[in-house]
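A.B. asks: mind looking at a prediction? Sequence and model below.
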Amino acid sequence: MGRGRGPAEKPKNFKNAIKRLFKELSHFKVLIIISLILAIAGSVLSIMAPDKLKDMADEIQKGLFGTIDMNRIKAIALTLVGMYVASAIFNFIQSISMTDVSNNFARKLRSSISIKINKLPLRYFDKNQTGDVLSRVTNDVDTIAQSTNQALATLVSSVTLFLGTLFMMFKTNWILALTAISASIIGFVFMFLILGKAQKYFSARQKELGNLNAHIEEIYSSLNVVKVYNGKKEADEKFDKYNKLVYDANRKSQFLGGLMQPMMNFIGNFGYVAVCIVGAILTMKNIISFGVIVAFITYVRLFTSPLSQIAQAMNMLQSSAAASERVFEFLDEKEMSDESSLTGKLDKDNVKGKIEFENVVFKYDGNDKPTINGFTATAEPGQKIAIVGPTGAGKTTMVNLLMKFYEIDSGDIKIDGVSTKDLTRENIHSLFTMVLQDTWLFDGTVKENIVYNREDVSDEQIEEVCKTVGINHFIKTLPKGYNSKLSDNDSVSSGQRQLLTIARGMIENSPFLILDEATSNVDTRTEELVQKAMDKLMVGKTSFIIAHRLSTIKNADLILVMNHGNIIEQGNHEQLMEKNGFYADLYNSQFQM
């Protein structure tokens, strides 16, 4: 289930997000420059076309009072066809180029996110919901890719078309140019007013979509619990709440964005009327020719069309900015400490197996008091160490600190006398085999799941391990045995999943073993078989066992009894029972009816 609504929202900044987006796009500057040059070339050809239309109209007007020069008309028509074909080709190539840029940019962002996830500390995932992180990887990246593909070239070509058309209008006739501009200036004012109001809704849409996805992921992953506790009504109410927030933000952003097109169409039509009226007056006074009016009607379309396209491009850039801010916010999160300067290294084939905890103190972010406070203990080579205590005592936290998933606040943890502060996480992880309460099977064959990330493991070794664990019979009943594919939808029980993960752990030959409630999902008979297999697995290895069922750790060499982050008792089972203290009460309570 989720762990909270996440950190406080940072103030949104459209300009900074766009700057960062363009900075990241600079990696594809060659293709982008080519694409923009083609977009500009296509726009220039479109700008030149009305001048040819003017010449054609003038030739036709002359023909009304004399003879039409058909050769001249034909030459102009062929020139226009060539210009329009060339413009279409340029736009086609530009579209392909920008599609390539946007897809590669999206791939780069996803790769960066994938790398970033592996560098983030567990503290980040304690504060952020999984669904929101997934939304950044999927929805936000897709929004950036689509918006970038459509907006960038459109914006450049539209600006080129707008400025070029403006120049040609003044070159052709300044009176009609001012008429067209005056009719269109209203569009500018409204466009910027709407853009200013729309940005907050685009940002809200991406944020609320992340919250909705987080809720869906949370409920879907715990659907059985929701059904058992009749939590459907509450889950539906929360879904309706988040869905309505997404709907409201989306409706408002789309409404304001949708105003652009009809508004610019109105301005364009108003411009047509104004140019026709003023042009007719100027023609009657022989100030301009009929061809100038024809050219200006086209110029008005070319002048107002870029405004509409610019408005649409700005809408897309706002969506892209809102999405990119969330993605870049994730990529800018503080990473785990850099370990490139660490020189310590332990070879797992030569490790003796001694671990020392020296006055370890650790506090989770947001907690008032430390979870682990002054923890001191020593595990001798080959010992079987059990860590027991009530829920929240700090048992799993100690294992996470040992594996360097979290950085300790003070104190030290040493492996064979070498501080974990001097060892890289990768080196530490190679020394340990972990079998957790939470099972994890990926979409692959049984064999691939067991051998996971190991090489040179024979089929005989795999089968022997599975026989030891007691899962071999189940595997043999599958259609293709060890080559049968597994997925989350397969009807594999929790206990069978647990046995498969235990078999995976047994394949790994590491000097240290961590079992965190590894037998919690198996029945009593299977637990006895697994316990015997674990005893064989733990021979010659320093093992840490976290268990709530105290009957499973009676043969441990050392039992550490934890409460409130401290060791309150330690010794073997017989010694602790003789003390008749906290451990004895805990043990006896499990057999009381």
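C.D. replies: The structure has been received and is ready for your questions. What you see is a predicted model; the values in this text were computed from it and never measured.
A.B. asks: helices and strands of this structure: which one bottoms out on pLDDT?
C.D. replies: Lowest on mean pLDDT, DSSP states H and E among the helices and strands of the chain sits helix 524-537, with a mean of 69.
A.B. asks: quick check: next helix or strand after that one?
C.D. replies: Scanning forward in sequence from helix 524-537 by DSSP states H and E, the next helix or strand is strand 542-546.
A.B. asks: what comes into contact with that following strand?
C.D. replies: Strand 542-546 is contacted from outside by 353-355, 379-388, 395-396, 399, 402, 511-518, 552-553, 556, using C-beta atoms under 8 Å, 6 or more residues apart in numbering. C-beta coordinates here come from the backbone N, C-alpha and C atoms, glycine included.
A.B. asks: can you tell me the strand partners of it and which way each runs?
C.D. replies: Next to strand 542-546 in the sheet, as set by DSSP bridges, lie strand 384-388 (parallel), strand 512-516 (parallel).
A.B. asks: how far does the last one sit from its chain's centre?
C.D. replies: Average the C-alpha atoms of strand 512-516, do the same for its chain, and the two points are 32 Å apart (C-alpha atoms, centre = their mean, to the nearest Å).
A.B. asks: what's the average pLDDT for that strand?
C.D. replies: Throughout strand 512-516, pLDDT has a mean value of 85.
A.B. asks: contacting residues around it?
C.D. replies: Residues external to strand 512-516 that are found in contact with it (C-beta under 8 Å, 6+ apart): 351, 353, 355, 396, 399, 402-403, 431-437, 505, 534, 537-538, 541-547.
A.B. asks: now do Thr524 against Ser543, distance only.
C.D. replies: Counting by C-beta to C-beta, to the nearest Å, the gap from Thr524 to Ser543 is 22 Å.
A.B. asks: who has more neighbours, those two?
C.D. replies: Remark: of Thr524 and Ser543, Ser543 carries more neighbours, 24 against 9, as counted by other C-beta atoms under 10 Å.
A.B. asks: select the longest helix from the protein.
C.D. replies: Of all segments of type helix in the chain, defined using DSSP state H, the longest is helix 70-119.
A.B. asks: could you list the buried residues of the helix or strand that comes right after it?
C.D. replies: As assigned by DSSP H and E, the chain's next helix or strand after helix 70-119 is helix 122-127. Residues of helix 122-127 classed as buried: 123-124 (neighbour count, 16 or more other C-beta atoms under 10 Å).
A.B. asks: now for helix 122-127, which elements pack on it?
C.D. replies: Applying 3 or more C-beta pairs under 8 Å, 6 or more residues apart in numbering; DSSP states H and E, one finds that helix 122-127 makes contact with no other helix or strand.
A.B. asks: any idea of the mean pLDDT in it?
C.D. replies: 80.
A.B. asks: what do you get for stretch 75-95?
C.D. replies: 84.
A.B. asks: who touches it?
C.D. replies: So stretch 75-95 is in contact with 35-36, 38-39, 41-42, 45-46, 48-49, 52-53, 55-56, 59, 153, 157, going by C-beta under 8 Å, 6+ apart.
A.B. asks: apply 7 Å and report the result again.
C.D. replies: By C-beta atoms under 7 Å, 6 or more residues apart in numbering, the list of residues contacting stretch 75-95 from outside reads 35, 38-39, 41-42, 45-46, 48-49, 52, 55-56, 153.
A.B. asks: and stretch 340-349, by the same measure?
C.D. replies: By C-beta under 7 Å, 6+ apart, the residues outside stretch 340-349 that reach it are 415-416, 418, 422-424, 427, 430-431, 510-511.
A.B. asks: so for that stretch, what gets flagged as buried?
C.D. replies: When neighbours are counted by 16+ other C-beta under 10 Å, the buried residues of stretch 340-349 are found to be Leu346.
A.B. asks: quick one: end-to-end distance for that stretch.
C.D. replies: 23 Å (C-alpha to C-alpha, to the nearest Å).
A.B. asks: and for stretch 474-481?
C.D. replies: 9 Å.
A.B. asks: average pLDDT for it?
C.D. replies: Stretch 474-481 shows a mean pLDDT of 87.
A.B. asks: mind checking how far that stretch is from the chain centre?
C.D. replies: Worked out by C-alpha atoms, centre = their mean, stretch 474-481 lies 37 Å from the chain centre.
A.B. asks: distance check, Lys480 against Lys447.
C.D. replies: Going from Lys480 to Lys447 by C-beta to C-beta gives 10 Å.
A.B. asks: quick one, what contacts Pro121?
C.D. replies: 336, 406.
A.B. asks: phi first, then psi, for it.
C.D. replies: Per-residue torsions, Pro121: phi -70, psi 160 (degrees, to the nearest 10).
A.B. asks: nearest to Arg136, out of the strands paired with strand 542-546?
C.D. replies: strand 512-516 (29.6 Å; C-beta to C-beta).
A.B. asks: alpha carbons only: can I get the closest one in CSV?
C.D. replies: Presented in CSV, the C-alpha positions along strand 512-516 are these (Å, rounded to 0.1, in the frame of the first residue of the first chain):
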residue,chain,number,x,y,z
PHE,A,512,26.5,-14.5,4.5
LEU,A,513,22.9,-15.5,4.5
ILE,A,514,19.9,-13.3,5.5
LEU,A,515,16.5,-14.9,6.0
ASP,A,516,13.7,-12.4,6.6
